[in-house]
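1. Requesting a structural model of the entry that follows:
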Amino acid sequence: MNLIRKILLLALLLSFNPALRAQNTVAFYFSAHEDDWQLFMNPNAYRDVQRPSTKVVFVYLTAGDDGAGLGNAGRSHPYYLARENGAKLSVKFIADANNTPTVPVDSSASVSGHKIKLFRYRNTVSYFLRLPDGNIEGPGYQSTGWQSLKRLHEGSAPAMTAIDNSATYKGWTDLTNTLRELIDTERGSARNVWVNIPDTDLQKNIGDHADHQHMAQAVLEAIDDLPCINKAFYLNYVTADLPENMTSAEQQIEAGTFAALVVGLTELDHPSPFEPMHRSWLSRHYFRTEPAKQKCE
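-> Residues are numbered from 1 along each chain as shown. Presented below is the predicted three-dimensional model:
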């Protein structure tokens with residue numbers, strides 16, 4: 001079979017098999033911590049993962065280590081690994097709905113010269129940057145050198161190093177450039193791209209975590225001049241005080257996804273966060289969207 005006939009046959013196969021087509025939609029879910037999208041951006045994430053033609057990219061900027069660094073707080077495994085395990089299981093939970101489980105792939109990638117942990121499963125890819133948790137108001141923790149996204153953004157910290165020393169980001173621009181390269185790499189030639197981040201309007205997103213906010217600012221700077229980028233902005237902690245607005249089916253998706261995350265924590269010997277505060281967010285889902293400013297060429 002000559003080359004032209006092979007190309008024509010491949011084109012014919014693609015036209016009849018949507019699963020083989022190039023993914024024309026890419027949805028990015030940016031989280032400061034390993035439980036953010038599950039609590040505040042679902043069931044949108046579930047719906048995206050359930051579309052085989054959509055690539056879903058989860059990006060976790062901090063290790064969510066709560067100042068523990070590589071420590072385990074007296075447990076059998078480090079806290080940050082338990083949180084990553086929870087994030088992976090929550091992705092598998094929504095990806096395996098109506099599917100037989102498959103084999104995940106753990107690896108790493110070099111993005112803008114920085115080594116980043118990767119987890120691939122079905123039509124999803126997860127990036128774990130493992131930067132130190134910055135504490136709720138952003139000062140950082142003494143145990144991890146007072147490092148935080150807020151201090152890096154404001155310039156009071158000249159650099160930020162992952163808790164496992166896998167990468168050092170030499171200033172805010174280095175971090176935003178890394179996110180820019182990550183987004184460019186994963187979106188490829190897709191013409192329908194969504195970026196999901198916390199709402200940066202603090203008059204609405206009252207009392208939000210500093211890590212959430214500075215992460216969102218980093219993403220916005222990274223995509224500032226990119227075409228074809230639609231945005232979704234989510235309210236976070238404040239939703240606990242807002243009316244419940246999810247259907248029964250949506251609540252089941254949200255609760256199931258979070259329960260999978262909880263299993264990931266407990267199976268690595270860390271306490272369950274399935275308590276009233278976290279559960280108060282499971283029936284509320286508030287977000288706004290902003291279409292791309294520049295159309296695809």
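
2. how about low-confidence regions in this protein?
-> Low-confidence segments of the chain (pLDDT under 70): 1-23, 297.

3. Please, where are all the helices along it?
-> For the chain, helices defined by DSSP state H occupy the ranges 3-16, 36-40, 44-49, 79-95, 149-154, 172-187, 210-222, 248-266, 276-279.

4. looking at these, which is buried most?
-> helix 36-40 (a mean of 27; mean count of other C-beta atoms under 10 Å). C-beta here means a position set from N, CA and C on the backbone, and glycine is covered the same way.

5. follow-up on the earlier one: export the helices of the chain to a markdown table and append columns for distance to residue 116.
-> What follows is those, written out as a markdown table (distance: least, C-beta to C-beta, whole Å):
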| stretch | distance to residue 116 |
| --- | --- |
| helix 3-16 | 31 |
| helix 36-40 | 18 |
| helix 44-49 | 20 |
| helix 79-95 | 12 |
| helix 149-154 | 16 |
| helix 172-187 | 8 |
| helix 210-222 | 15 |
| helix 248-266 | 20 |
| helix 276-279 | 27 |
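
6. Mind checking those helices for the one nearest to residue 67?
-> helix 79-95 (9.4 Å; C-beta to C-beta).

7. That closest one packs against which elements?
-> Counting contacts by 3 or more C-beta pairs under 8 Å, 6 or more residues apart in numbering; DSSP states H and E, helix 79-95 packs against helix 44-49, strand 54-62, strand 114-121, strand 124-131, helix 248-266.

8. before we move on, back to that, closest to residue 137 out of the helices of the chain?
-> helix 210-222 (5.5 Å).

9. Give me the angle between that closest one and strand 124-131.
-> 110 degrees (axes from the mean of the first three to the mean of the last three C-alpha atoms, to 10 degrees).

10. What is the neighbour count of residue 165?
-> The criterion is other C-beta atoms under 10 Å. On that basis, residue 165 has 10 neighbouring residues.

11. one step back: in JSON lines: the helices and strands packed on helix 79-95, plus distance to residue 33.
-> Conversion of the helices and strands packed on helix 79-95 to JSON lines gives the following (distance: least, C-beta to C-beta, whole Å):
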{"stretch": "helix 44-49", "distance to residue 33": "15"}
{"stretch": "strand 54-62", "distance to residue 33": "6"}
{"stretch": "strand 114-121", "distance to residue 33": "15"}
{"stretch": "strand 124-131", "distance to residue 33": "11"}
{"stretch": "helix 248-266", "distance to residue 33": "11"}
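
12. just so I know, which of the ones you listed lies nearest residue 285?
-> Minimum separation from residue 285 across the helices and strands packed on helix 79-95 (C-beta to C-beta) falls at helix 248-266, 6.9 Å.

13. Enumerate every residue touching the closest residue to residue 128 other than its chain neighbours.
-> In space, and not counting its chain neighbours, residue 128 is closest to residue 117: 4.2 Å by C-beta to C-beta, 6 or more residues apart in numbering. Applying C-beta atoms under 8 Å, 6 or more residues apart in numbering, we find residue 117 in contact with 84, 106, 108, 127, 128, 130, 166.

14. Roughly how far does the closest residue to residue 226 other than its chain neighbours sit from residue 224?
-> Spatial nearest neighbour of residue 226, chain neighbours left out: residue 183 (7.3 Å); criterion: C-beta to C-beta, 6+ apart. Noted for residue 183: a distance of 11 Å to residue 224, by C-beta to C-beta, to the nearest Å.

15. quick one: common contacting residues for those two?
-> Contacts common to residue 183 and residue 224, judged by C-beta under 8 Å, 6+ apart, are absent.

16. still on that earlier bit, looking at the helices of the chain, which is closest to residue 112?
-> The minimum distance between residue 112 and the helices of the chain falls on helix 172-187, with 4.1 Å, by C-beta to C-beta.

17. Export the closest one to PDB, keeping only CA atoms.
-> Coordinates of each C-alpha in helix 172-187 appear next as PDB, following Å, rounded to 0.1, in the frame of the first residue of the first chain:
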ATOM      1  CA  TRP A 172       7.200  35.300  39.100                       C
ATOM      2  CA  THR A 173       7.900  35.600  35.300                       C
ATOM      3  CA  ASP A 174       9.600  32.200  35.400                       C
ATOM      4  CA  LEU A 175       6.500  30.700  36.800                       C
ATOM      5  CA  THR A 176       4.100  32.400  34.400                       C
ATOM      6  CA  ASN A 177       6.300  31.500  31.400                       C
ATOM      7  CA  THR A 178       6.300  27.900  32.600                       C
ATOM      8  CA  LEU A 179       2.500  27.900  32.700                       C
ATOM      9  CA  ARG A 180       2.400  29.500  29.300                       C
ATOM     10  CA  GLU A 181       4.600  26.700  27.800                       C
ATOM     11  CA  LEU A 182       2.500  24.100  29.500                       C
ATOM     12  CA  ILE A 183      -0.700  25.500  28.100                       C
ATOM     13  CA  ASP A 184       0.700  25.900  24.600                       C
ATOM     14  CA  THR A 185       2.000  22.300  24.600                       C
ATOM     15  CA  GLU A 186      -1.200  20.700  25.800                       C
ATOM     16  CA  ARG A 187      -3.600  22.800  23.700                       C
END
